[in-house]
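Enquirer: Sequence first, predicted model second:
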Amino acid sequence: MKQVAESARSNGSRRRFSTALLAGTALTMIATPAWAQSTQGDERAIVVTGIRATIQDSIETKKDSVEVFDALSAEEIGDIPALSIGEALETLTGAASHREQGGATEISIRGLGPFLGSTVINGRIASNGSGDRSVNFSQFPSELFSKIGIYKTQAASYIEGGVAGQIALESIKPLDYGKRRFQGNFKLNANPDNLDIAPDQRFQKFGYRATGSYVDQFELGDAELGISLGYSRNKSTNPEQEANVSNTIRACVLDPTTTSDGVFDDGNCDTSGGTIDGLRDGSVTNDFVIARNSYAFRSNITDDTRDSFFGALQFKPSPDVDINADFQYSKRLFKEQRSDLNFAEGRRIDGPGDANAIPGYPLIYTDSGALRQFTNEQRIEAVSEYLERDEEYYGGGLSLDAQVSDRVKISLDASYSQTQRIEEAVQIRFRTEDNEDITGAAVWPNAFESDGSSTNDRVETAVQIMQNGSQGLNFVTQNFDVTNHDLFANDPRLRADLEQDRFNSVWAFRGDVEYEMDGFLTSIQTGARYQKLTYRDVPGASNGTSRFENTYNDTDGTGALAVANRECRTSFPETGFLASVSGGNPLITNVDGAGNVISTSNSFATFDALCIARVLEREDPSGLQFDEDGIPIYPTGDFDSIQNTNVSEKTWAGYLQANFDKDWGDTPVRGNIGLRVVNTKVRSTGFRGTLSASFNASGELIITEDTNSLVPVTGGNSYTEFLPSLNLVAEFQPELLGRFAVYRALSRPDPSSLSFGRTFNALADDTVTSIADAIGTANATGNPFTMPLLSWNIDAGLEWYPNEDTILAFNAYYKSFNGGFETVGQNEIFTVDGQDLNTLVTTTNTSDDTSTIYGVEITAAHRFSYLPKPLDGFGFKLSYNYADSNFQFEDDTLGAITTVNADGTTATSNGLIPPSNLFGFSKHVLSAQLYYEIGPFDFQGVYKYRSNYFQQFVATPGRVRYVDDVNVFEARASFRLNNNVKFTIEGINLFNEPRTNYRGAPDDFGAIQVYGPRYFAGVQFKF
């Protein structure tokens, strides 16, 4: 019988997928060595295992599927050849990942961003703590899943939400598995970058992954009961070396005729008012540069502990009734010690010819305005931070499948998924002092301008960005040694922040009925589904209720600053900092007033953030409390805030689908045709109220909310959409298939993008110094009125399967969107200190634009079994996707902005930087695998490439950020001692590929992060 389930896609494809998995599993249980041959009569059967078996299953699954489908199924639990689900998915055609801490996290399908796809775990939508609809696959160990796949075309029985496709993950069903199995995996993890960290500063030397699973079946009279349990602990170290710039960008005009605006202003480069309007409408024709608030180096030391548990019960009281319950749990505790050298006033750009500039470093910028070199006066900061992220995931459900008659089968399913992510941090900042060190001694000879005026504790600096072969940042300081702890002698600011408190849950219920038929139609399916999604985000550190902050006594030589500075100094934590991307240049060069080199350094003064917090509170108590482990007790935050997010999304869906399998003349055809109807209602609650403004001891503008005046506001949208679909497979020859599909699909906005909150510049940017700057512009944290993206999609393909090791498949696709995104500004009134201020609030909305995507994907695999031994063990698999699109997305700061006037009319300005494409869109995605089997040895090398793409910020989705081309190489080898023991070695990012980001303009440097390679050695036991 075929099983009815929305996540199962085509009934035929799911049945064949499971059959192939069970058949492969049964073969591996033959009680002989895996590489041996068994003889029965005159026939010889070879047991295929390892990577070759996985590729064979992938080929067979693709061939048998009705939809365009790629999958990996393990011959045994824990045998998917990858370190995580993300890494495994990347080997499927058209799948590419976004990387964090060097590991694959979010997955894009066919070059399209994760928001255009969806993921189901055992047929159910999963929650996450990121604020979007993607799943962080790094939290799920591949050892606890039996199969993973990507459906790239849709049927009416799909859960809607995937324009690009849907990722399906399935854990084992114990009765279907059919045998008892105990299994354990242990992998030791070594990260060379972590070994470069001083032993007294790193959290641990080595990491490890330990996984255990148990599957069994029991007979209870005429009934059967199956149980499967799995547990995994992953303890890893993923240090980062980083050079970065702030994400706040401003266009600064190069106009020497004015000293009140742009680069030639009074020292704080800014272009505002008529000048910025003139740049946008073309009346101001001067060049401009894109200025940033700050530039920095960062050394990260991390500890990442993840515990995962999967359990399932399968009960068959009779052959016609199948009851399944499953549960998944994942808990992650991530710790990070950050040490930053921060050049805090990047907007103070010297104009060409400035007499105080360091000689030999002229202003250099590109045609887009991206800075490559400039000089300025900056405060330099030593910033230390200790951060913890605690994330828990619960998921599971209960399902019933019952064959109520010879032709009728019903299925019921209820599920729940929940994720909560809490991130807390304590941050310490020490700044430069005006001509003094920590002892009060005058040591800073350039603390005054040539005219005798004070520089106000600023250092003359030159900043080089991607110059002289460097891929990141290099700095030149004048008479300032960044390695000298004594020079960071001012403004000891302590912050204890609730950075994030995000909650996401999904309730879902469904019911399906299948009626089997004779003739051209093999069955009819119908069903309904209800889902309620909840997303809440307590405002983070920029909201006063989520932050403890104090600036402590810094009296020279006697105050809390001097004591904390001396007690909590650390040696620079690592060797070889950014050496792989610096191009052989020193990171910091110290010169005298004439430009002569005094010293060079690839490190800087660092401090222990937790130590400083304790010492400052000991010397000058201000109310911060600590727990028994010496960790600050962080603020809990107040959900009632202008910045908050509280989204509820309710969805009803119903479908009707007909499945067919018949000869069309002499050509066998199979497929499905159907219609899905979806109704979604979004409600988002926010707050509005009065604000107050004040300046702190450092001269920074602080805006706070009057919590007693907050008034709730609610907004949202409702829509009903019809999603027809057709999937058709024609068997021209037994080994030659043709595919065709046409369907309409939708992708909803991310939950965080549906927020009704507001943020102000002064809440996120310490450099704002006037109320007019702070309240003159604001950002919406989302837009609850945003409509989904809808597309008509066509797929066509030709696939050749000459043998079980070989495939050559071409699939072309076309998507036409009847909607896009635009940056919209609207004027709102906010009351600050009793004064009503007119504020331009920018947000993202769905436009009426039409855009298209077209692409082609190629899958090729072959084993050279006809070559003479030992070359017959070689084989390969190649997956490539090309896509192109005319979709456009404008940056919310320097892109084209449509302003809504009070009378309802609109005006659109010219963008100063080019628009980006779809979120997560890559034109090229490639995965190339080469494998070799000889006896008990199994080798695999995998090369992955993804061209540059737009990666959104969750908190500010309108900001454009590009991730540069990614090239990653990984390899693994295994030795199977016998049926019960296998040894493995694996490595990822073997060529130390960094991740480079650009912000705004495609060539405007944003960050470079170096993770280094990671190596694993493991053993697997099963019996």
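Expert: Sure thing, it's come through.
Enquirer: And the longest strand along the chain, what does it pack against?
Expert: As assigned by DSSP state E, the longest strand anywhere in the chain is strand 488-516. Helices and strands touching strand 488-516, by 3 or more Cβ pairs under 8 Å, 6 or more residues apart in numbering; DSSP states H and E, are strand 124-125, strand 380-403, strand 408-432, strand 521-538, strand 547-551, helix 560-567, helix 609-619. Any C-beta I mention is one placed from the backbone N, CA and C, and that applies to glycine too.
Enquirer: Can you report how many residues neighbour residue 373?
Expert: Applying other Cβ atoms under 10 Å, we find 18 residues neighbouring residue 373.
Enquirer: contacting residues for it?
Expert: 361-364, 462-465, 467 (Cβ atoms under 8 Å, 6 or more residues apart in numbering).
Enquirer: Can I get those residues in CSV including pLDDT?
Expert: Below are the contacts of residue 373 laid out as CSV (pLDDT from 0 to 100):
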residue, pLDDT
361, 93
362, 92
363, 92
364, 94
462, 95
463, 96
464, 96
465, 97
467, 95
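Enquirer: Go through the residues you listed and name the one nearest residue 993.
Expert: Of all the contacts of residue 373, residue 993 sits closest to residue 465, with 20.5 Å by Cβ to Cβ.
Enquirer: For that closest one, give me its contacts.
Expert: Contacts of residue 465 by Cβ under 8 Å, 6+ apart are 245, 295, 370-373, 472-473, 1005.
Enquirer: Which of those sits closest to residue 352?
Expert: Using Cβ to Cβ, these come closest to residue 352 at residue 373, 11.6 Å.
Enquirer: Skip the chain neighbours and tell me the closest residue to the closest one.
Expert: Using Cβ to Cβ, 6 or more residues apart in numbering and skipping residues adjacent in sequence, the residue nearest residue 373 is residue 364, 4.0 Å away.
Enquirer: next one: residue 792
Expert: Nearest to residue 792 is residue 816, by Cβ to Cβ, 6+ apart, at 4.9 Å.
Enquirer: Which residues does the nearest residue to residue 222 once chain neighbours are set aside form beta bridges with?
Expert: Leaving aside its sequence neighbours, residue 222 sits nearest to residue 318 (Cβ to Cβ, 6+ apart; 6.8 Å). Note on residue 318: beta-bridge partners by DSSP bridges are residue 321.
Enquirer: looking at it, residue 318 is touching residue 221, isn't it?
Expert: No. Counting by Cβ atoms under 8 Å, residue 221 is not a contact partner of residue 318; they are 10.5 Å apart.
Enquirer: Can you check the pLDDT for the residue nearest in space to the middle of the chain?
Expert: Closest to where the C-alpha atoms of the chain average out (Cα atoms, centre = their mean) is residue 106, at 4.8 Å. Residue 106 carries a pLDDT value of 78.
Enquirer: same thing with residue 750?
Expert: 85.
Enquirer: repeat for residue 29
Expert: pLDDT, read off for residue 29, is 29.
Enquirer: about what we covered before: and the longest strand of the chain, which strands flank it?
Expert: strand 408-432 (antiparallel), strand 521-538 (antiparallel), strand 547-551 (antiparallel).
Enquirer: so the last one versus helix 560-567, what angle?
Expert: Pointing back at strand 547-551 there. Between the axes of strand 547-551 and helix 560-567, defined by axes from the mean of the first three to the mean of the last three Cα atoms, to 10 degrees, the angle is 100 degrees.
Enquirer: quick one on the thing from earlier: more crowded one of residue 318 and residue 221?
Expert: residue 318 (11 against 6).
Enquirer: In contact with the closest residue to residue 532 other than its chain neighbours, which residues are there?
Expert: With sequence-adjacent residues excluded and distances taken as Cβ to Cβ, 6+ apart, residue 532 is closest to residue 507, at 4.7 Å. By Cβ under 8 Å, 6+ apart, the contact list for residue 507 reads 415-416, 531-532.
Enquirer: want to try a markdown table for the residues you listed, with pLDDT as columns?
Expert: Formatted as a markdown table, the contacts of residue 507 follow (pLDDT from 0 to 100):
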| residue | pLDDT |
| --- | --- |
| 415 | 96 |
| 416 | 96 |
| 531 | 96 |
| 532 | 97 |
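Enquirer: Can you turn the buried part of those into a PyMOL selection?
Expert: A single PyMOL command selects the buried members of those (16 or more other Cβ atoms under 10 Å):
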select buried, resi 415+416+531
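Enquirer: And the contacts of residue 507, which is closest to residue 337?
Expert: Among the contacts of residue 507, and counting by Cβ to Cβ, the member closest to residue 337 is residue 416, at 35.9 Å.
Enquirer: check contacts around that closest one.
Expert: Residue 416 neighbours (Cβ under 8 Å, 6+ apart): 394-397, 505-508.
Enquirer: partner strands of the host helix or strand of residue 790, parallel or antiparallel?
Expert: If you go by DSSP states H and E, residue 790 is part of strand 789-803. Note on strand 789-803: by DSSP bridges, its sheet partners are strand 736-747 (antiparallel), strand 806-817 (antiparallel).
Enquirer: can I get the ones you listed in TSV with distance to residue 135?
Expert: TSV is the format used below for the strands paired with strand 789-803 (distance: least, Cβ to Cβ, whole Å):
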stretch	distance to residue 135
strand 736-747	15
strand 806-817	22
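Enquirer: Let's have the ones you listed in TSV, adding mean neighbour count, mean pLDDT and distance to residue 155.
Expert: Putting these into TSV (neighbours: other Cβ atoms under 10 Å; pLDDT from 0 to 100; distance: least, Cβ to Cβ, whole Å) gives the following:
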stretch	mean neighbour count	mean pLDDT	distance to residue 155
strand 736-747	20	95	8
strand 806-817	19	94	16
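Enquirer: among those, which is nearest residue 53?
Expert: strand 806-817 (14.7 Å).
Enquirer: what does that closest one rub up against?
Expert: 59, 62-63, 68, 110, 152, 163, 739, 789-801, 849-863, 887.
Enquirer: If we use 6 Å, what do you get?
Expert: Outside of strand 806-817, the residues within contact range by Cβ atoms under 6 Å, 6 or more residues apart in numbering are 59, 68, 789, 791-801, 851-862.
Enquirer: Any of the residues you listed buried? List them.
Expert: Buried among the contacts of strand 806-817 by 16+ other Cβ under 10 Å: 59, 68, 789, 791, 793, 795-797, 799-801, 851, 853, 855-862.
Enquirer: Output the below-cut-off pLDDT ranges for the stretch 701-850 of the chain.
Expert: The model of the stretch 701-850 of the chain has pLDDT under 70 over residues 701-703, 760-779, 819-820, 822-823, 826, 838, 840, 842.
Enquirer: which stretches of it form helices?
Expert: In the stretch 701-850 of the chain, the helices defined using DSSP state H, counting those that start in this stretch lie at 761-764, 771-776.
Enquirer: got it, and the stretch 151-300 of the chain?
Expert: Using DSSP H, counting those that start in this stretch, helices in the stretch 151-300 of the chain cover 174-177, 192-195, 273-281.
Enquirer: what's the least confident stretch among the ones you listed?
Expert: helix 273-281 (a mean of 81).
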